[in-house]
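Asker: Sharing a sequence plus its predicted fold:
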Amino acid sequence: MSDTLRPINRPRLYEQVVASLRDYVGSAGLRAGDRLPPERELAERLGVSRASVKQAIVVLEVQGLVDVRHGGGSYLLHDTLEAEPVAALVDRRRRLPDVLDAREALETKLAELAAERRTEDDLAEIESALALMRQEIDAGEYGLAGDRRFHAAITAAARSSLLAEFMRMIADQIAESRTESLRQQGRPEKSLEQHWRIAAAIRAQDGAAANAAMRRHVRTVSRVRLLSWEPDGEA
């Protein structure tokens, strides 16, 4: 006999706090740059523990929706708090370490090969991608399109059909890791700086330097708030 009675999944308390904060921001007309009430006040008004409020703030921080300033409160980075479901965050947190391992293995070799095999046309495309990323960042964006174009240009310059196929196989997961990294505070500028160093090594046809520069870059990408978040924590 099939068992149609299964446990009902209850939302974690901090997920309910996130939903309440989203509604509060909308009803109060808060905008990017505005500060949320202090954690103690939120806990009192919502009738929950400060631990639950703190965890809710962490979820919003992980998603790039608030800027948490130590000792200075939490500030909106956008006009709304449209947070994605916590279950989606949990899934991405589970996938991310493997994706980053794959990126380091593949992209360091691609950068090395690109340095050895690049043409002037390849260099022009790499520099065009960097110019696009600069333009996006100057416009207040993350630089996602320029970042994607930069790594695609290096893959093309490496001229390895099998490595390129591996990159296509995990393209969606790479896009996730790119967004996760670039929405960290200050990360777009740092990423662009590291891209220029990779490009310089490729232009100089220094495969070892290109490999090392790409490795440093991917390890920077791996330093994201999401990986320090404990989904089941209330502290």
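Answerer: Yep, it's here. Keep in mind that what you see is a predicted model, and the values were worked out from it rather than measured.

Asker: buried residues in the helix or strand of the chain with the lowest mean pLDDT?
Answerer: In the chain, no helix or strand scores lower on mean pLDDT, DSSP states H and E than strand 66-69, which sits at a mean of 89. For strand 66-69, a neighbour-count test (16 or more other C-beta atoms under 10 Å) marks 66-68 as buried. Where you see a C-beta, it was placed from the backbone N, CA and C, and this is true even at glycine.

Asker: Nearest to Leu21 among these?
Answerer: Val66 (9.1 Å; C-beta to C-beta).

Asker: if I look at the most centrally placed residue in the chain, how far off is Met133?
Answerer: Against the mean C-alpha coordinate of the chain, by C-alpha atoms, centre = their mean, the closest residue is Glu180 at 0.9 Å. Plainly put, Glu180 is 17 Å away from Met133 if you go by C-beta to C-beta, to the nearest Å.

Asker: low-confidence ranges in the protein?
Answerer: Scanning the chain with the threshold set as pLDDT under 70 gives 1-11, 233-235.

Asker: all helices of it, in order?
Answerer: Secondary structure of the chain, counting by DSSP state H: helices at 13-28, 39-46, 50-62, 86-117, 120-138, 144-158, 161-169, 171-182, 187-203, 207-221.

Asker: Between those helices, which one is closest to Ser228.
Answerer: helix 50-62 (8.8 Å).

Asker: And that closest one, how far out from the chain middle?
Answerer: Averaging C-alpha coordinates over helix 50-62 and over its chain gives two centres that are 18 Å apart (C-alpha atoms, centre = their mean, to the nearest Å).

Asker: Can you tell me what sits against that helix?
Answerer: Under the contact criterion C-beta atoms under 8 Å, 6 or more residues apart in numbering, helix 50-62 has outside partners 12-15, 17-18, 21, 36, 39-40, 42-43, 46, 66-68, 74, 81, 83, 86, 89, 225-226, 229, 233-235.

Asker: do stretch 74-90 as well
Answerer: Residues contacting stretch 74-90 (C-beta under 8 Å, 6+ apart): 12, 15, 18, 21-22, 25-26, 30-36, 57, 59-69, 226, 229, 231.

Asker: Separate out the buried members of the residues you listed.
Answerer: The neighbour count (16+ other C-beta under 10 Å) marks 12, 15, 18, 21-22, 25, 30, 36, 57, 59-68, 226, 229, 231 as buried among the contacts of stretch 74-90.

Asker: nearest to His217, of the buried residues of strand 66-69?
Answerer: The shortest approach to His217 among these belongs to Asp67, at 24.0 Å (C-beta to C-beta).

Asker: which of the residues in stretch 194-205 are buried?
Answerer: By neighbour count on 16+ other C-beta under 10 Å, the buried set for stretch 194-205 is 194-199, 201-203.

Asker: which pair in those residues spans the largest distance?
Answerer: Gln194 and Arg203 (15.0 Å).

Asker: Now do the contacts for the spatially closest residue to Leu132 that is not a sequence neighbour.
Answerer: Leaving out its chain neighbours, the residue that sits closest to Leu132 by C-beta to C-beta, 6 or more residues apart in numbering is Gly146, at 3.8 Å. Neighbour list for Gly146: 129-136, 192 [criterion: C-beta under 8 Å, 6+ apart].

Asker: One more: Ser222?
Answerer: Leu100.

Asker: how much space between it and Val99?
Answerer: Ser222 sits 10 Å away from Val99, going by C-beta to C-beta.
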